[in-house]
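# Turn this into a model:
(chains A, B and C)
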Amino acid sequence: MSLISIKNVSKKFGKQTVLDNISLDFKDGNSIALIGPNGSGKTTLIKAILGLVLPDSGQILVKNQTISESPQYREIIGYMPQLSLFPQNMKVQELFALIENIRKEKPKNGYDVSLYQDFEIAKMRYKALGTLSGGMKQQVSAALAFYFSPEIIILDEPTAGLDPLSNEILKRKINTAQQDERLVLTTSHILSDLDEICSHVIYLMEGKVLFNKSIDEMRSQTKENRLNKMVAQLLNSKQHEQN
Amino acid sequence: MRFIFLIAAWLISLSPVTGKTITVNKTGPHKTIAKALQLAESGDRIVVKKGTYYENTLMINSPVTILTTEGAIIDGGGEAKDILIVRADDVHISGFSLINVGVSFLEEAAAIRLVHCKNAVIEDNRIDSCFFGIYVEYGKYAKIRNNTIRGSFTDEASAGNAIHAWKGEKLTITDNLTTGHRDGIYFEFVNNSRISNNISQFNLRYGLHFMFSNDDVYEHNLFKDNGAGVAVMFSRNITMKSNRFIHNWGGAAYGLLLKEISDGSIEGNKFIQNTIAILAEGANRLKMSENVFKLNGTAMDIKGNCMDNVIKRNNFIANTFEVVTNTKSNLNHYSENYWSNYSGYDRNRDGFGDMPYRPVNLFAKVTNEVPSATFLLHSPFVRLMEIAEKIFPQFIPESLIDDLPKMAAYEFN
Amino acid sequence: MNKISFTIALDLLKNKAILIFGFILAFLGWGMFLLESQPEKTILALLQVTLIILPLVTGIFATVYYYNSREFIHLLLIQPIRRSSVIRGIFIGLAGGFVFSFLVGIGLPLLLFYPTLASLYLIIAGLLLCIIFTGIALWVSTHQQDKARSMGIILLFWVFFTFVYEGIQLLIMYQLAEYPIEQPMLWSVFFNPVSIARILVVMQTEAAALLGLSGAIFQDFFGSLKGSLIAIGVMVVWAVVPYFLSRFKFIKRDF
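Residues are numbered from 1 along each chain as shown, chains lettered A, B, ... in the order given. As a prediction, the model looks like this:
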C-alpha cells in the first residue's frame, strides 16, 4: 500500500531550486535510505512531507490524503530531526507528557516503549532538556519518534550523535519496524550505517532523483555487496550515460 | 394675669423706639402691604400675616420694620419692577419669601432695592426667581444677613446678580446663600465692607466679584462650583482670609482671579480642585500665606505683570502644575512653601530642603504658548523634555525659585 | 489548543527574566503605595511605568522568547495540530504571562490602595499595552530570521510610540499653532496605542481640568463614556491586528 506519494513537487528558496519536480512513492514495509550530497534537498523533502516546508507546486499525499488539507496525517508519523531541538527549560518527562496531551488519542497499538527502555530514558526523566548532552538528546529524540507506534518513521541523520551501542539499538529497532510493515525513511551521510537497514535507496542530486532502486535491484546490477560500493558504481555509470 | 399682660406689652413697646404695629392680613382690615406702608409712620412695625401678596414697587419712605413670622410671600408677578424699594434709613425687612421679578435689559429690577439709605437690615428672607436679589445703591452701614437667594438662570448675559452693591460703605454681608445667579455677590465702588460666612455656589460667572472697591474684607466664605470662584479687579487693599474655593472647574474656570489689584492679603484659604486656583494679572504687593492648594490643575498662574508679591508658607499638594507664568523673569518672592513635587533632601534637618525648588515646569510653559498641546500631559516625551530642562535650564525663569522649600506639609487648621 | 497556550504560559512564568520583570513591577506597584502617602502622585508614577517600561519589556521579552523557542515551535509543528493553533497558543501564552505579571504587580495594589475610576482605566490600558506589544513583537519576529534585527526593530517601535510620535505632534502644533489643528490631533492619537492609554488614564485624574481649559475637543471625546469605549476599542484593534499579521505570516512561512 502506498503510504506517501509525492507528485511533481518543486520548491525554491529564493533563486535556488531545492526540489525540482520530484515524484516519489513510498510503500509500507519499506525502509528507504534517502541519500545524496549536501544541499541535494534531502532535508527539504522530509520537511515538505512533515509540512514544515510548503512546496511551491505539486502535491504530497499521505494515505491518499493531500497533506495541506488537515494536520491530522501527522498522527501516523514519528520524526527524529537532524539536530534534536527541544525547549531548554522543559524536563524530559514534561516533554513526553506534553506530546501525549497534544496528540490526545492513544495510538491503536499502544505506546511503543522499547527505545524508551533501551536508552534508559527513565533515568533522565527529571532533567531539563537543555542540560542533556548531544547524544542523550538524540536518544530522547529517537525514543519520542517511535513512542506513538507510528506507521511512518522519518529519521534525519539519526546516527550523527549516537554512541556505537545506541546506534546498534536504533538499527535493530528500524529493522523490526520494517518487519512490522511500517515505512521507514532515513537520511544519512554514512552509507555504512544504512547497509543493514534499508530495502530501497533514493539518491537525490540538485533537487532531482538521480536513481530510485531496491537493494536487490542494485545488488544484481552492480554485483557488489556493500552499499557504498554499489552507490559509487551506479553514480559512475550514470556519469557515463550523461557523457 | 393682667399684671403679666402689662409687662409683656411693656417689653414689646421697649424694643423699637416707639410706634404702632400695623398688621397686614388677607382677611383685612389691611389687605395689602402697599396700604400698610401708606399708613406707616416713622418707627412703626408692619407685621404681614400668612399668604401670597401680589404686589410690587412697594416704596418704603420712612424708617419702619416690615416683617413676617408666617412666611408671607410677596409675588412680583414677573414684571420687571422692584418689589421692595427702601428709600429711608433704619429700615428692617425680615422673614419674607420674595418671588418673580422679571428680566429686563432696561431696568435692573430686584426683590429688594436699597437707595441712598443707611443702617438697613435685611435678614432671613428667601428670594427666588428674581432678576436681581438684593440691590444696594448708595448704601451705608447696611446689614444683609442670612438670606437665601436662588436663581435658575442658564445664560450669563440675561442673568442678574444675587447681591449687587453699587456704591456703598461699611456694608456687612453675612451668612447668605447665593446660587444660580450671574454673580453671587457683586461689589462695585464699595469700600470698608465685610463679607463673611456666605456660601456662593453654582453661579454662572463669579461667586464673588469686586470692581473698583477698596479696603474690604471677605472671610470664611465657601465658593464652590461657580463659573469662577472670586474675581477681584481694579481694587486695593482687599483682605481675603480663610475662604474655601472648591471645585471651580471647567474650561476657563478658576478659584480666584486677581486683576489689577494691590496691597491685599490672601491668608489661610483653601483652594481645592479648581482648574486654576489663582490667576493673577497685574497683581502687586499681595501677601499670600498659609493657604492650601490641593489637586488643582494649576495652583498659581502668575503673569509677568505681577510684582512684589510674597508667597510664603503655603502648602502646594498634588497640583498638576504648581506655578505657571508667561515670562522669563520673576519679580515675586517665594519662600518656605511646601511643594509636594519637590524631591530634595534635608541633610541639616532644619525642616527645609537643601536645594532650592523651581515650581515652574517646562510643560506648563509649553501649554501657555500652545494651549492645544495640553493633551500631551504626562506623556513620556514631555517627561524627557522636563528632565533635560532640569539639567540644562533654558526656558523657564531662572530666578523663580523657592530657596527654602519645606520638607513636610504645614498643618493648618 | 488550550493545553498549548497553557504550557507556553507556564514555561514563560518559569523563565527567570519574566519573574524578574514581575518582581520589578510588584516592587514598584506595592512599594510606591506603601511608601507614598499621596495616592494621586503614585498613580501618575505608575502611569509612567505602564507607558514606558511595560511596552519595552513586553516587546523585547516576547521577541527573545519567540527566537529562543524556535525548537519548541518546531516540535509543535510536527505534531498533528494546525499552525494557527500554535501561533495562537504562543500569543495567548505570552500575552497572558505579561498580563498576569502586570495584574499582580501593578493592578492589585491599585485596586487595593486606590480603588478609583482612574485605577480601573490604568489597569485596562496596561493590560491592553501588554497584549499590543506582544502582538507587535510576534509580527516582527515572524517576518525576520535574525533575532538581533528583530530586537532592533522592536526597540524602534518602542522609541517611536513612547517618545518620537508625541515629539512630532508637539513640533507640528508649534508650527501650526495658528490653525485649528485640534481635530486632526485627536485623530492622530489613535495611531499611537501608548498615547491612547495615557489620555484614557489622564482624563480620569484631576488633570482633566487642564484639558478642559485648552483641549475642549479632547475633553468632549475622552471625557464621555462613549469616547472612552471607542478609545478602548481602538486599542483592542491595535491588540488584534499585529497578531493577525503575524498569524498570516506564520501559516505561510517555511521552518
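# contacts, neighbours, all on C-alpha from now
Will do.
# Which residue ranges of chain A form helices?
Secondary structure of chain A (DSSP state H): helices at A:42-50, A:92-103, A:114-118, A:134-147, A:164-179, A:191-194, A:215-222, A:227-242.
# now the ones you listed as JSON lines including mean neighbour count, mean pLDDT and distance to chain C?
Listed next are those as JSON lines, based on neighbours: other CA atoms under 10 Å in any protein chain shown; pLDDT from 0 to 100; distance: least, CA to the nearest CA, whole Å:
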{"stretch": "helix A:42-50", "mean neighbour count": "22", "mean pLDDT": "89", "distance to chain C": "6"}
{"stretch": "helix A:92-103", "mean neighbour count": "17", "mean pLDDT": "84", "distance to chain C": "7"}
{"stretch": "helix A:114-118", "mean neighbour count": "16", "mean pLDDT": "85", "distance to chain C": "18"}
{"stretch": "helix A:134-147", "mean neighbour count": "22", "mean pLDDT": "88", "distance to chain C": "10"}
{"stretch": "helix A:164-179", "mean neighbour count": "17", "mean pLDDT": "87", "distance to chain C": "20"}
{"stretch": "helix A:191-194", "mean neighbour count": "17", "mean pLDDT": "80", "distance to chain C": "24"}
{"stretch": "helix A:215-222", "mean neighbour count": "15", "mean pLDDT": "84", "distance to chain C": "30"}
{"stretch": "helix A:227-242", "mean neighbour count": "14", "mean pLDDT": "80", "distance to chain C": "31"}
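# residues touching the spatially closest residue to A:I49 that is not a sequence neighbour, list them.
Leaving out its chain neighbours, the residue that sits closest to A:I49 by CA to CA, 6 or more residues apart in numbering or on different chains is A:I60, at 6.9 Å. When contacts are counted by CA atoms under 8 Å, 6 or more residues apart in numbering or on different chains, A:I60 touches A:I4, A:S5, A:I6, A:K7, A:V9, A:I49, A:T66, A:I67.
# now, which of those residues lie within strands?
The strands, defined by DSSP state E, take in A:I4, A:S5, A:I6, A:K7, A:V9, A:T66 from the contacts of A:I60.
# Can I have the buried ones of those residues as a PyMOL selection?
To isolate the buried members of those in PyMOL, using 16 or more other CA atoms under 10 Å in any protein chain shown:
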select buried, chain A and resi 4+5+6+7+9+66
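# Which phi and psi values does B:C306 adopt?
phi -100, psi 140 (degrees, to the nearest 10).
# can I assume it is in contact with B:T327?
No: B:C306 is beyond contact range of B:T327, at 10.4 Å (criterion: CA atoms under 8 Å).
# These two - which one has more neighbours?
More crowded of B:C306 and B:T327, by other CA atoms under 10 Å in any protein chain shown: B:C306, with 23 against 14.
# Let me know the pLDDT of the more buried one.
Listed pLDDT for B:C306 reads 92.
# Between the contacts of A:I60, which sits nearest chain C?
A:I49 (10.0 Å; CA to the nearest CA).
# So that closest one versus chain B, what's the distance?
51 Å (CA to the nearest CA, to the nearest Å).
# The residue of the stretch 151-300 of chain B found nearest chain A: how many residues sit nearby?
For the stretch 151-300 of chain B and chain A, the shortest gap (CA to the nearest CA) falls at B:L295, measuring 50.0 Å. By other CA under 10 Å, 25 other residues sit near B:L295.
# quick one: it and B:T275 touch, right?
No: if you go by CA under 8 Å, B:L295 and B:T275 don't touch, sitting 9.0 Å apart.
# so what's in contact with the two at the same time?
With CA under 8 Å, 6+ apart, B:L295 and B:T275 have no common neighbours.
# residue contacts, A:N236?
Contacts of A:N236 by CA under 8 Å, 6+ apart: none found.
# Could you report the separation of the nearest residue to B:W339 once chain neighbours are set aside from B:D301?
Counting by CA to CA, 6+ apart, B:F316 is the residue found nearest to B:W339 once chain neighbours are left out, at 4.8 Å. Counting by CA to CA, to the nearest Å, the gap from B:F316 to B:D301 is 13 Å.
# State the pLDDT value of the residue most central in space within chain C.
The residue lying closest to the centre of chain C (CA atoms, centre = their mean) is C:L129, at 1.4 Å. Note for C:L129: predicted pLDDT of 95.
# Confirm that it sits in a helix.
Yes: membership of C:L129 in a helix is supported by DSSP: H, G, I helix; E, B strand; the rest coil.
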